[in-house]
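**Q** Generate a structure from the sequence data that follows.
(2 chains)
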Amino acid sequence: MNAIAVRGLSKRFGAKQALNDVSIDIAQGEMVALIGASGSGKSTLIKHICGLDTAHGGGAIEVFGQPMQSGGRLAQGARALRREIGVIFQQFNLVGRLPVLTNVLIGHLGRIPHWRGTLGLFTAEEKKAAREALARVGIGEVAWQRASTLSGGQQQRAAIARTLVQKSRILLADEPIASLDPSSARRVMEVLAAINREQGITCIVSLHQVEYARRYCPRTIALRDGRVVFDGPSVKLTNAFLTELYGANSEELILPDAAPAKPEKDNAPRKAPAMVGAGAFAA
Amino acid sequence: MTDMAAPSTPQVGAAPAEIGRDWKRSALNGGLWAVLALLLLWSWGPAEMGRWTYLFTDAGNMASYASGFLQPDFREWRYYLEEMVVTIQIALWGTFLAVALSIPLGILSARNMAPWYVIQPVRRLMDFCRAIHEMVFAVLFVVAVGLGPFAGVMALFIHTTGILAKLFSEAVEAIDPRPVEAIRATGASRLQEVVFGVIPQVLPLWMSFALYRFESNVRSATVLGIIGAGGIGQVMFESIRGFYYPQASAMLIVVVATVTLVDLLSQQLRKLFI
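**A** Residues are numbered from 1 along each chain as shown, chains lettered A, B, ... in the order given. Now for the predicted structure:
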């Protein structure tokens, strides 16, 4: 049984075709990168898998063999199925005025009795689980701070702790490192990889930069204009292949230091004298 | 904007060309002022503005009336304070009931929380509560529950609900939807989304609105005394009607001092919650 099965999913926003007949299968325990330029449909696909958005007309999504949505409507058990899917967002989406611990405790809501969750009455055991999750992602000491006072990297790790408490079997991360500095980004990716390795949680991470996909995810799915254009091992994604896939757009997927520009010595003599002078000045 | 966008405009050298006077705009401005002048002229007669000269010729009357207020009589101050407390108690209950009802109504009339067929009836009901002055409701309730503070409480409750529910719903419409989405993604229910995602975001604003309405209601509760809705207002207007100006003056001072006090207190409270 696949963790996630997407069949013929299409979605349009006005005139723009955001997803175009997307079909993917993801096995349990996989760690998959979802790459593509801005507007290629990564976020839209993730929102559909976790049931926060519905497709137009055709297309179906199954999670652990149960329908999440089909024919543009959420399935009956979608709310219950959401519990199995933890979602991490680019902007962290924590409730800024609540303490970090409460934000993590929110992960319990889908699993405890409704009245107890609504009144915010969490048991000592649930609070212990939340503290353990915070310690697991390395920010146990900030449990009582307001979430808004944390740095970006800490907020993203708090958001990961929330999905750990949720005990979801799938983790969808929508550009989790796009608003983080490089060292926080690595830290967050390592936490995600560890969760995947040690707990066997299926991870889908949408990424902007292909370096992270190569380093942390064995498999990559590449989207362009809402279509799947590559689905295979990340090692096959060479820079040359990316350039072939995305053309001029490939620049934003490749870190500058990964593809050193070739010096163009041959051209210099052919330039007009004034340009040579300008070039010498710049050098 | 168009000038800035033109890339060919030289940055230095030639001075920018003088911009000619925009006659269309000037004519429009002149027209608007003319309309205002016409409206004022038209309203002069009906508003009896011609009587302004009396302000000076009969200023003596005012002075003699006001002089009655110059010697406030505080001999009955205990009674005034008791009645003032009753007025505050009326405002407190009126505001509390309004806040309690405005929380669900405010959420049900927010565009990002409820479908239109819920929003529209709730909003129209709130318009109705808001459009009618407290005084009118008070008269209505006096007929139903008799003279006294309870009629005042009910009048403030209905009118304030109309105002607060609108302000509350506007605060809800301005929230950041992303945390709410994240809570939905954990499998939480709609009610839990509101409790954990919406309320924490709007609480400071709601608190501020509620405190402000409490201040306003202390003032309104005083005026409600005119139609017999209890509190210091009733006593004050009775003494004005009976030409007991020194006593009325003392009560006015008590009211002003109390309103100032409530204002200072609510400022401190607001700081606590934001």
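**Q** so what's the residue in the stretch 151-283 of chain A positioned nearest to chain B scoring on pLDDT?
**A** Nearest to chain B, among the residues of the stretch 151-283 of chain A, is residue A:166, at 5.3 Å (Cβ to the nearest Cβ). (Glycine included, C-beta is placed from N, CA and C.) pLDDT for residue A:166: 90.
**Q** and stretch A:119-132, which residues are buried?
**A** A:122, A:126-127, A:129-131 (16 or more other Cβ atoms under 10 Å in any protein chain shown).
**Q** Could you give the separation of stretch B:59-76 from the chain centroid?
**A** 30 Å (Cα atoms, centre = their mean, to the nearest Å).
**Q** now the strands for the stretch 151-274 of chain B?
**A** Counting by DSSP state E, counting those that start in this stretch, the stretch 151-274 of chain B has no strands at all.
**Q** ok, how many other residues are close to residue A:87?
**A** Using other Cβ atoms under 10 Å in any protein chain shown, residue A:87 has 27 neighbouring residues.
**Q** How about the contacts made by the closest residue to it other than its chain neighbours?
**A** Spatial nearest neighbour of residue A:87, excluding adjacent residues (Cβ to Cβ, 6 or more residues apart in numbering or on different chains): residue B:185 at 4.1 Å. Counting by Cβ atoms under 8 Å, 6 or more residues apart in numbering or on different chains, residue B:185 makes contact with A:50, A:52, A:82, A:85-87.
**Q** Dump stretch A:117-136 to PDB, restricted to CA.
**A** Extracted as PDB, the C-alpha positions of stretch A:117-136 are listed here (Å, rounded to 0.1, in the frame of the first residue of the first chain):
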ATOM      1  CA  GLY A 117      -9.200  19.900  23.200                       C
ATOM      2  CA  THR A 118     -11.600  22.800  22.800                       C
ATOM      3  CA  LEU A 119     -11.200  23.700  26.500                       C
ATOM      4  CA  GLY A 120      -7.400  23.300  26.200                       C
ATOM      5  CA  LEU A 121      -7.300  20.700  29.000                       C
ATOM      6  CA  PHE A 122      -4.200  18.700  28.100                       C
ATOM      7  CA  THR A 123      -3.100  15.800  30.400                       C
ATOM      8  CA  ALA A 124       0.300  15.700  32.000                       C
ATOM      9  CA  GLU A 125       1.200  12.900  29.600                       C
ATOM     10  CA  GLU A 126       0.300  15.000  26.600                       C
ATOM     11  CA  LYS A 127       2.400  17.900  27.900                       C
ATOM     12  CA  LYS A 128       5.300  15.600  28.500                       C
ATOM     13  CA  ALA A 129       5.000  14.400  24.900                       C
ATOM     14  CA  ALA A 130       5.100  18.000  23.700                       C
ATOM     15  CA  ARG A 131       8.200  18.800  25.800                       C
ATOM     16  CA  GLU A 132       9.900  15.700  24.500                       C
ATOM     17  CA  ALA A 133       9.100  16.700  20.900                       C
ATOM     18  CA  LEU A 134      10.600  20.200  21.600                       C
ATOM     19  CA  ALA A 135      13.700  18.600  23.100                       C
ATOM     20  CA  ARG A 136      13.900  16.200  20.000                       C
END
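**Q** Now do residue A:90: how many residues are near it, please.
**A** Neighbour count for residue A:90, taken as other Cβ under 10 Å: 18.
**Q** I should have written residue B:88 there, sorry.
**A** There are 19 residues near residue B:88, going by other Cβ under 10 Å.
**Q** quick one: residue A:126 and residue A:106 touch, right?
**A** No. Residue A:126 lies out of contact with residue A:106 (Cβ atoms under 8 Å); the separation is 11.0 Å.
**Q** picking that back up, ok, and the closest non-adjacent residue to the residue of the stretch 151-283 of chain A closest to chain B?
**A** Nearest to residue A:166 is residue A:107, by Cβ to Cβ, 6+ apart, at 3.9 Å.
**Q** wait, the one you found sits on residue A:160?
**A** No. Using Cβ under 8 Å as the test, residue A:107 is too far from residue A:160 to be in contact (10.2 Å).
**Q** And the contacts of stretch B:245-254?
**A** B:65, B:68-74, B:76-77, B:80-81, B:83-84, B:232, B:235-236, B:239-240.
**Q** Could you pick out the buried ones from those?
**A** Buried among those (16+ other Cβ under 10 Å): B:72, B:80, B:83-84, B:232, B:235-236, B:239-240.
**Q** a markdown table please, covering those and showing distance to chain A and pLDDT.
**A** Output for these, formatted as a markdown table (distance: Cβ to the nearest Cβ, whole Å; pLDDT from 0 to 100):
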| residue | distance to chain A | pLDDT |
| --- | --- | --- |
| B:72 | 47 | 85 |
| B:80 | 42 | 89 |
| B:83 | 41 | 90 |
| B:84 | 36 | 91 |
| B:232 | 39 | 88 |
| B:235 | 44 | 88 |
| B:236 | 43 | 87 |
| B:239 | 49 | 88 |
| B:240 | 48 | 86 |
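**Q** Select, from those residues, the two members most distant in space.
**A** B:84 and B:240 (16.3 Å; Cβ to Cβ).
**Q** distance of the residue nearest to residue A:87 from residue B:49?
**A** Using Cβ to Cβ, to the nearest Å, residue B:185 is found at 64 Å from residue B:49.
**Q** all helices of the chain, in order?
**A** Since you didn't name a chain, this refers to chain A. A:42-49, A:78-82, A:100-105, A:114-119, A:124-136, A:152-165, A:182-199, A:210-216, A:239-246, A:273-282 (DSSP state H).
**Q** I was after chain B.
**A** Using DSSP H, helices in chain B cover B:2-5, B:23-44, B:54-57, B:59-70, B:77-108, B:116-131, B:134-145, B:149-173, B:177-185, B:190-193, B:199-224, B:231-241, B:245-273.
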